[in-house]
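1. A structural model of the following input is requested.
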Amino acid sequence: MALRSQVAAFLDRPAVTRFILAVILFNAVILGLETSRPVMAAAGGIILLLDRLCLAIFIVELALKLFALGGRFFRSGWNLFDLAVVGVALLPASGGLSVLRALRVLRVLRVISIAPSLRRVVEGFLRALPGMGSVLLLTLILFYVSAVMATKLYGASFPDRFGDLGATALTLFQVMTLEGWADAVVRPVMEVYPYSWIFFISFILVTTFAVINLLVGLVVNAMQEAAEADKPDHAAERHAELMARIERLERRLSERG
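-> Below you'll find the model as predicted:
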């Protein structure tokens, strides 16, 4: 148990954390260089060797963490995330599994589990998922209703954009993202249907400015809650300090008495 505690304390050192973070970032650069044919032709052997060295460091770190934590290792979602990301690189990448070579870049995502600020962002996003589900369902309902209406209203005159439900949904998605929505979609439709701006403006107001901002608000609120949960309990610290002072005062009074 003493050895496990020492290993855990070693892994928790800021210097070790910074070293692992540096290896992750260095490995990200190496994986990017592997996509360059001239670089691989000039120094491919060295780059692959450095990539394997980074992988070996990750494996040693996970092995030490597994030894130090034991069964508690699997109770942390971040540990399981690290294990999965590193484990992908150990699978054979031949034949039908050659796509797994591209998944090695997922090792870069380990920086999320290393950096506390990035962890809070992800945890905040996960906290927001239950609320986001209801908002996304509302968005899908509004999107479907709008697509059916637009298909019936404008499909006959603009079959390329509103000819069927799929084409209409794609067009409305372009409108929702505000990507060339006025010149490419709305103005041509208004030449045939002058009052069509009412439909499109209403659609933008409901989806882009209302529902999407509601999603952003949910995520921001969840991130704030995650940040508050990570803050130390100052009230408990003050109470413990006060109790310690009271005990010292009682000891002094008893010594004088």
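2. what's around Ala150, how many residues?
-> Other residues within reach of Ala150, judged by other C-beta atoms under 10 Å, total 25. Every C-beta, even on glycine, is put in place using the N, C-alpha and C of the backbone.
3. Over to the one 5 residues further on?
-> Burial measure for Gly155: 16 neighbouring residues, criterion other C-beta under 10 Å.
4. For the chain, just list every one of the strands.
-> Under the criterion DSSP state E, the chain carries no strands.
5. Can you list the low-confidence ranges for it?
-> Along the chain, the model assigns pLDDT under 70 to residues 1, 92-104, 223, 225-242, 249-250, 252-257.
6. Mind splitting it into its structural domains?
-> 2-114, 119-231 (automatic domain parsing).
7. wait, which of those is closest to Arg245?
-> In terms of C-beta to C-beta, the element of the domains of the chain nearest to Arg245 is domain 119-231, at 23.7 Å.
8. any chance of the domains of the chain in a markdown table, with distance to Ala244 too?
-> Shown next, in a markdown table, are the domains of the chain (distance: least, C-beta to C-beta, whole Å):
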| stretch | distance to Ala244 |
| --- | --- |
| domain 2-114 | 25 |
| domain 119-231 | 22 |
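9. so which of these gets nearest Arg251?
-> Of these, nearest to Arg251 by C-beta to C-beta is domain 2-114, at 31.7 Å.
10. first to last residue in the closest one, what's the distance?
-> Start and end residues of domain 2-114 are separated by 25 Å (C-alpha to C-alpha, to the nearest Å).
11. so how far is it from its chain's centroid?
-> 18 Å (C-alpha atoms, centre = their mean, to the nearest Å).
12. Tell me where the protein has helices.
-> For the chain, applying DSSP state H gives helices covering 2-11, 14-33, 37-69, 77-88, 110-114, 116-154, 159-162, 165-176, 181, 187-192, 196-206, 212-230, 234-256.
13. Only the buried residues of stretch 193-205, if you could.
-> Neighbour counts over stretch 193-205 (16 or more other C-beta atoms under 10 Å) mark 196, 199-200, 203-204 as buried.
14. Now render those residues as CSV, adding distance to Val175.
-> Formatted as CSV, the buried residues of stretch 193-205 follow (distance: C-beta to C-beta, whole Å):
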residue, distance to Val175
Ser196, 11
Phe199, 10
Phe200, 6
Phe203, 6
Ile204, 7
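15. closest to Trp78 among the residues you listed?
-> Ile204 (39.3 Å).
16. Spatially, which residue comes closest to the closest one, not counting chain neighbours?
-> Setting aside the residues directly before and after it, Ile204 is nearest to Val175 in space (C-beta to C-beta, 6 or more residues apart in numbering), at 6.5 Å.
17. Next, count neighbours for the one you found.
-> Val175: 22 neighbours (other C-beta under 10 Å).
18. Contact partners for Leu55?
-> 27, 86, 89, 107 (C-beta atoms under 8 Å, 6 or more residues apart in numbering).
19. burial count for the first one?
-> Pointing back at Asn27 there. 23.
20. same check, this time on the third one
-> Other residues lying near Ala89 total 20 when counted by other C-beta under 10 Å.
21. one step back: distance check, the residue nearest to Ile204 against Phe162.
-> Counting by C-beta to C-beta, to the nearest Å, the gap from Val175 to Phe162 is 11 Å.
22. repeat for Ile114
-> 49 Å.
23. Mind checking which of the two has more residues around it?
-> Phe162 (24 against 17).
24. Confirm for me that the more buried one is in contact with Val148.
-> No: with contacts counted by C-beta atoms under 8 Å, Phe162 stays clear of Val148, the gap being 10.7 Å.
25. At the geometric centre of this structure, which residue sits there?
-> Note on the chain: the residue nearest the mean C-alpha position is Val122, at 4.8 Å, using C-alpha atoms, centre = their mean.
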